[in-house]
Structure formats: structure tokens, C-alpha cells
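Trainee: starting from these lines, generate the structure:
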Amino acid sequence: NTQASREAFRVLGGVRGGITDNINFDAFYSYSRTTNTNIQKGNISRSRFINALTVEFVPGSTTQLRCVDAAARGAGCVPLNIFGTSLPSRAALNYLAIQATNITTSELTNAVASINGTLFNLGFGADDVGFAAGVEYRKMGSEFIPDTFLASGDVLGFNAGLPTKGGYDVKEVFGEVRVPIVEDGFIHALEGNGAFRYSDYSLDRVGGNWTYNFGGEFAPIEDIRFRGQYS
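Mentor: Predicted coordinates for the structure are as follows:
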């Protein structure tokens, strides 16, 4: 049978406040770690199975068997009788049975700092120009840790699962702006918006990447609105 358990740990802290009457700041840091443990009971060891089948008569006896490999005998090898029904002894079955365990861990570190608020008014009856800008750092990692049985492929019915781990981090800068131009003037509403994010990954194959979008809304009258966006 299989038993699975998961342990999760997370810590998070942040601050926020005002820089001026119109501009605020926000910053936080978080760290999380998850550990998944999988225990498989009742599996059969390939090497022990072979050792238990490779037998010889105990010197001086014509009825008593022992495992040929001296090292295996020292580790408790018991001859296995595979012929007939209910012939394997309990001691032999106990020798064959193993408990295999694999552990998977994942970690995430995230830190973000940003400012947001309003800047000025264009004077055509619309809201003030709003903006947000900031920086972000993320670090992600994961590791697979099989025990000796699983890593060596010694569990019957399972391929070898070698230990593996990996991770990356990314540094980002981002910004967003909303520009209300006109509201309830010679037209009902006109507004523009835009945003960008630059991400610098530690992975050579990824490197630096830009993402962005910009667009606007135009409402000649209250009941009709046109919207366009490019990303």
C-alpha cells in the first residue's frame, strides 16, 4: 500500500502606507516550502529476490538450503521456494519485502515593492492620471529525493528514479498607467492606458523578456463605447 503526506510552511510579511497625499507604497516578502512524502509498503526487492532464488545445500546436508551469496546471507537472506502453493516461508517473504520512500520538495521566494497613485489632471473633466510601478523578485526550486531502492531500480515493477533538482530566479520591473482624457465634455469619454513588464530570468535559454499592452476607450455618447487593446 501507499501512504502520502504533505507538509506546507509559509511566512508572509509586508508594509504599506502613504508617501504623499496622492501616492502610496506597498511592499511584501513571502517564503513557502512544501514537502511531499510518498511511502510504498510491500514492494519486492529485485536483488533480494534473485539472492533468495540462488541457493545451494548447506554443506553436509541434503535437505537444508541456504543462499549462495555470502554477503546476502550476512544481510539475512532466506531461500525462497517458488514452487507450489503457500510454500514460501514467512521469513523469506519478510526478507523480500521492502519499504520504498521518495520525497519531493518545492520552494518559492517572492518579494515585491511598488508605488501607485495619481499624478495630475488634464483638465477636461476626467479623473486624474493614475499609475503604478514597481519591482519584483521570485526564486523557485524543486527537488526529487528517492531512497536507495528507488534510485537504483531495485524495486520490482518500477524503473529507476534518479535524484534530481532544479530552480531559477527572475528579477522584474513593471509599470502601468491610466490616462483619462475627457469625460462629459464635447464627447462622453476618452481614455488611454498602457502597461509593461521586463523579466530577467537566470536561465540562459530564457534571458530577458518584455511584455506590454496599450489601448484605449472612446465613447462619443453615453450609450456607445469603442474599446481597443494591443498586447
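
Trainee: what's across from the residue most central in space within the chain in the sheet?
Mentor: Geometric centre of the chain, nearest residue: Ser106, 5.3 Å, by C-alpha atoms, centre = their mean. Beta-bridge partners recorded for Ser106 (DSSP bridges): Thr34, Ser142.

Trainee: now do the contacts for it.
Mentor: 33-34, 140-143 (C-beta atoms under 8 Å, 6 or more residues apart in numbering). (Each C-beta comes from the backbone N, C-alpha and C, glycine too.)

Trainee: just name the closest of those residues to Arg73, please.
Mentor: Comparing the contacts of Ser106 against Arg73 with C-beta to C-beta places Glu143 closest, at 36.7 Å.

Trainee: neighbours of that closest one, how many?
Mentor: A count of nearby residues for Glu143, using other C-beta atoms under 10 Å, gives 15.

Trainee: Thr105 is in contact with that one, correct?
Mentor: Yes. Here Glu143 reaches Thr105: they are 5.0 Å apart, a contact under C-beta atoms under 8 Å.

Trainee: just the buried members of the contacts of Ser106?
Mentor: Not one of the contacts of Ser106 meets the buried threshold, by 16 or more other C-beta atoms under 10 Å.

Trainee: same list (those residues) but as TSV, adding pLDDT and distance to Tyr230.
Mentor: Converted to TSV, these look like this (pLDDT from 0 to 100; distance: C-beta to C-beta, whole Å):
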residue	pLDDT	distance to Tyr230
Arg33	98	40
Thr34	98	38
Met140	97	30
Gly141	97	35
Ser142	97	36
Glu143	97	41
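
Trainee: quick one: which of these is nearest Gly18?
Mentor: Among these, Met140 lies closest to Gly18 (C-beta to C-beta), at 32.7 Å.

Trainee: the host helix or strand of that closest one: how far from the chain's middle?
Mentor: Using DSSP states H and E, Met140 sits in strand 130-146. Averaging C-alpha positions (C-alpha atoms, centre = their mean, to the nearest Å) puts strand 130-146 11 Å from its chain's average.

Trainee: if we can go back for a sec, and of the contacts of Ser106, the nearest to Gly215?
Mentor: Closest to Gly215, out of all of those and judged by C-beta to C-beta, is Met140, at 31.3 Å.

Trainee: what pLDDT is listed against the residue lying farthest from the centre of the chain?
Mentor: The C-alpha centroid of the chain is most remote from Gly60, which lies 60.6 Å away (C-alpha atoms, centre = their mean). Note for Gly60: predicted pLDDT of 89.

Trainee: dump the residue contacts of the nearest residue to Asp147 once chain neighbours are set aside.
Mentor: Closest residue to Asp147 apart from its sequence neighbours, by C-beta to C-beta, 6 or more residues apart in numbering: Thr101 at 4.8 Å. By C-beta under 8 Å, 6+ apart, Thr101 lies in contact with 37-40, 146-147, 150.

Trainee: Thr101: helix or strand, and which one exactly?
Mentor: strand 97-118.
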